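Participant: Sequence below, structure please.
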Amino acid sequence: MQIGTRWRTTEAPPSSLPSALRDAVLAAEATPDGWWTLTWLEGRAVAEHDDGLRLRELPDGSVGRQSAESELDDSDEDDELFP
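Facilitator: Coordinates of the predicted model:
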C-alpha cells in the first residue's frame, strides 16, 4: 500500500512522486496557487491540483493530463480509470 500526500504549488514535490509525473507537475506550476494531492490508484500515481488539473502515471510510464473541463488526454483507449 502506498500513502498519498499533499503539498503547496510553491513547495517541492514529494520524493515519492515518480520522475515523469514530477516533471509534469513542475511544468504545470503555472496553475494558480493552491495544493496538489498525490494518491495512488492500482499502483500508479495520480496528482490532482485544487483547480481540477489531474495528472496521472500511465501503464507505459508516460503521463496523462486531464483538466476539469476536458477529457483525459492519453493514448490508453480502454482505460476506464477516468471517464
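
Participant: how far away is the spatially closest residue to residue 50 that is not a sequence neighbour from residue 51?
Facilitator: Distance criterion C-beta to C-beta, 6 or more residues apart in numbering; nearest residue to residue 50, sequence neighbours excluded, is residue 34 at 3.6 Å. The way it works is simple: take the backbone N, C-alpha and C, and place the C-beta from them, glycine included. Distance, residue 34 to residue 51, using C-beta to C-beta, to the nearest Å: 6 Å.

Participant: swap in residue 41?
Facilitator: 20 Å.

Participant: do the same with residue 66
Facilitator: 12 Å.

Participant: more neighbours, the two?
Facilitator: Of the pair residue 66 and residue 51, residue 66 is the one with more neighbours under other C-beta atoms under 10 Å, namely 19 against 14.

Participant: from memory that one sits against residue 53, does it?
Facilitator: Yes: the pair residue 66 and residue 53 passes the contact test of C-beta atoms under 8 Å, sitting 7.5 Å apart.

Participant: Many thanks, have a good one.
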